[in-house]
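Chemist: Pasting the sequence and the predicted coordinates here, then a few questions.
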Amino acid sequence: MAILSAVATIGCNQARSLPTHGGSGGTTSPAGSGGAITSGGAGVIRGSGGAPAPGGGGIEGGRTGATGGIVGIGGSGGTGAAPNASDAGLRPLRLLTRREYVNTLRDLFADPSLGPDPLPADVQDSTLGFAFHTTGIVAATDASLYRDAAETMGKTALGSVDTWLPCAATTTSVDLETTCLAEFLGPVGLAQRIFRRPLSAADVERLTSLYMTGRAPPLSLDFTGAIGLIVEATLQSPEFLYHWELDPVPALREGAVVKLGNYEIANRLSYLLWGTMPDATLFAAAAAGELADLASVESQVRRMLKDEKAKGTISDFFTDWLDIDQLPDRPKDSIVYPTYSGALAAAMATEVQGFVNQIVFAGTGRFDDILTGTTSIVGPDLAALYGITNLGANAPATVSLNPAERSGLLTLAGFLSITGAAMGSDPPRRGKAVYERLLCGVIPPAPLVMPPVEPPNPTTGTTRRRFERQDTMACATACHSIIDPWGFAFENYDGIGAYRNTDNGMAVDAQVTVTLDGQQKMLTDARGLATALAQSDEARTCFVKQWFRYGLGRVDTARDQASIDAAVTAFKSSMRDIRELVVALATSRTFRYRTPGTAEVLP
């Protein structure tokens, strides 16, 4: 209890010193009997940057307009004003995601086995089709989870103290302890790496005070125990849990925006490209002031993309974008799909990750190949689903998928299963995924009362026919006339992604007519749809926008539009190379600058 009280004191002090920008302000509340966590209102977590930009049209079935507005049916789209190249969006105050938290702990203590569980769940934000995980308000239960994780890590880390504080083994006198404590709190010490920025004099004073509290009665901890107390405190402090790594120098204002400091840029780059804290090279660049220079930032981005850790971010983007990570939570009927299991769902997710990474890091890196490629990596379970019989003994193995049945990411079992129903295909869900995630469309709210689709039986025809009958109902027209045509293109696949030519004993009809790039296109099936999307300016622009949403952790606004437009140009000039898109995002104005929050006071 005494240790927890000491931790709570240091946590509260740090929470009070943490800025809350871009939101409506936050509060600091005790985390049960343990450390303090900044809970904040929703504005603190998401900031006002989550608000959509006003557009000329409505949101009824609209797709994102060229200048950041929302295009409605018959609407004009956008604000009409040309994007300002000097603009930058707000930077919401965000917690580490679960992935970032675990990766950071592993890198802090050089231990790949670390990863306390449970942790608070990430939030799947559906605002305007926002696909990506974010972090929500810290509830009391979540604060307790962070406290418990910090306590566990504080104890676990002491087991390997020699790896992150070698001098701890030689502290045989008070003078040596003082020297070792200074090393721990110094420029290359663990405390600075936990905060991901240089410690201020006030930080050092507070942490030293906590150390002395641990050493004195009634705790009477030894040297390493007192160091462990600091670790426990800092791991549940807002300085560790939130993305807000301030530089030791005042913020630099340039007109209406603020230029991010070197340590802010270092952390923003690292968590975008690696999902973890900066490495020694990035910290050194920040300390030298190099990240104020655009060319230096680009050089770091290209270096970081060559690192193995970048594969984790690429696969995380795609699995998050298309909800592949939610496969374990999408059950299937065991009678209809007796071969479906948790192992098969895991194999589907692994295939998606391997598919995109082989294209981005070992192939062309092109968006077109993501949507149309036929080379994948599968194991025995997926091979059976795909009808592949020559897998061989070495599984998983690289295989060529049947081009008459599959073409690209949208025809892999992972996407088809997550968008399939428990007992069959689900055209509206699949169409909604294409419309929202690949075309950045906004679907109008569903009616309060919606008659269910008639269940399948020998007299109701195919799945498509049943949904087409529902689409004729007045209450269904607004939504389903928009999304169902996209979904009907996938009717050659059942609820877990197996290919089929018949449904309910009748021939499948996957031919559709959709509007893409302002033109009507007749497509034979999902393979034709994938090719059309790969060639579509609308889909390419949306893909860029989705990367900005992922990288910025919020919905894009009009202030981001000039940066997005520049990235679209770079993306197209590079033959749709995803690696060049990431470079364009990380070097963009809206990534390196921010608009001050409404109530923010700057020097």
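Modeler: Thanks, I have the structure now. Residues are numbered from 1 along each chain as shown.
Chemist: Give the closest residue to residue 189 in space, chain neighbours not counted.
Modeler: Nearest residue to residue 189, sequence neighbours excluded (CB to CB, 6 or more residues apart in numbering): residue 183, at 5.6 Å. Yep, even glycine has a C-beta here, placed from its N, CA and C like the rest.
Chemist: since we're on that neighbour, how many residues are nearby?
Modeler: Residues near residue 183, counting by other CB atoms under 10 Å, number 17.
Chemist: Ok, residue 152 next?
Modeler: A count of nearby residues for residue 152, using other CB under 10 Å, gives 15.
Chemist: next structured bit after the helix or strand hosting it?
Modeler: Secondary structure from DSSP states H and E places residue 152 in helix 140-158. Following helix 140-158 in sequence order, the next helix or strand is helix 161-164 (DSSP H and E).
Chemist: So which elements touch that following helix?
Modeler: Applying 3 or more CB pairs under 8 Å, 6 or more residues apart in numbering; DSSP states H and E, one finds that helix 161-164 contacts helix 223-234.
Chemist: what's the next secondary structure element after the helix it packs on?
Modeler: Next along the chain after helix 223-234, taking DSSP H and E as the criterion, comes helix 238-241.
Chemist: Find the nearest non-adjacent residue to residue 542, please.
Modeler: Excluding its sequence neighbours, the residue lying closest to residue 542 (CB to CB, 6+ apart) is residue 440, at 4.0 Å.
Chemist: Give me the neighbour count for that neighbour.
Modeler: Residue 440 has 26 nearby residues by other CB under 10 Å.
Chemist: distance of it from residue 564?
Modeler: 11 Å (CB to CB, to the nearest Å).
Chemist: quick one: low-confidence ranges for the stretch 301-450 of the chain?
Modeler: 393-394, 448-450 (pLDDT under 70).
Chemist: which stretches of it form helices?
Modeler: For the stretch 301-450 of the chain, applying DSSP state H, counting those that start in this stretch gives helices covering 309-321, 342-362, 367-372, 380-386, 413-418, 427-433.
Chemist: now, of the ones you listed, which is deepest in the fold?
Modeler: Highest mean neighbour count among these (mean count of other CB atoms under 10 Å): helix 413-418, with a mean of 26.
Chemist: what do residue 440 and residue 564 both touch?
Modeler: Shared contacts of residue 440 and residue 564 (CB atoms under 8 Å, 6 or more residues apart in numbering): residue 545.
Chemist: just checking, what packs against the helix or strand containing residue 296?
Modeler: Using DSSP H and E, residue 296 sits in helix 294-305. With contacts taken as 3+ CB pairs under 8 Å, 6+ apart, helix 294-305 sits against helix 262-273, helix 280-287, helix 578-586.
Chemist: Let me have those in CSV, extended by mean pLDDT.
Modeler: Formatted as CSV, these follow (pLDDT from 0 to 100):
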stretch, mean pLDDT
helix 262-273, 97
helix 280-287, 97
helix 578-586, 98
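Chemist: among those, which is nearest residue 225?
Modeler: Among those, helix 280-287 comes nearest to residue 225, with 28.0 Å by CB to CB.
Chemist: tilt between the closest one and helix 262-273?
Modeler: Counting by axes from the mean of the first three to the mean of the last three CA atoms, to 10 degrees, helix 280-287 lies at 150 degrees to helix 262-273.
Chemist: so residue 421 touches residue 495, yeah?
Modeler: Yes: using CB atoms under 8 Å, residue 421 makes contact with residue 495 at a distance of 5.3 Å.
Chemist: Who has more neighbours out of the two?
Modeler: Neighbours per residue, other CB under 10 Å: of residue 421 and residue 495, the larger number sits with residue 495, 22 against 19.
Chemist: shaky segments in the chain?
Modeler: The model of the chain has pLDDT under 70 over residues 1-80, 116, 125-129, 393-394, 448-450, 474-476, 478, 603.
Chemist: Farthest from the middle of it: give me that residue.
Modeler: Residue farthest from the centre of the chain, counting by CA atoms, centre = their mean, is residue 173 at 47.6 Å.
Chemist: Now do the phi/psi pair for that one.
Modeler: Backbone torsions for residue 173, taken as degrees, to the nearest 10, come to phi -150, psi 170.
Chemist: Also residue 123?
Modeler: When read as degrees, to the nearest 10, the backbone of residue 123 gives phi -100, psi 130.
Chemist: so which of the helices of the stretch 301-450 of the chain gets nearest residue 122?
Modeler: Residue 122 sits nearest to helix 309-321 of all the helices of the stretch 301-450 of the chain, at 9.2 Å, using CB to CB.
Chemist: now for that closest one, which elements pack on it?
Modeler: Contacts defined by 3+ CB pairs under 8 Å, 6+ apart place helix 309-321 against helix 98-108, helix 262-273, helix 342-362, helix 537-552.
Chemist: what's in contact with the next helix or strand along the chain from the first one?
Modeler: Sequence order places strand 123-124 as the next helix or strand after helix 98-108, per DSSP H and E. For strand 123-124, the external contacting residues (CB under 8 Å, 6+ apart) are 133, 134, 135, 136, 323, 326.
Chemist: do the same with stretch 563-570
Modeler: Surrounding stretch 563-570, the residues in contact under the criterion CB under 8 Å, 6+ apart are 68, 83, 85, 87-88, 540-541, 544-545, 547-548, 556, 580-581, 583-585, 588-591.
Chemist: For stretch 154-163, buried residues please.
Modeler: With burial defined by 16 or more other CB atoms under 10 Å, the residues of stretch 154-163 counted as buried are 154, 156, 157, 158, 161.
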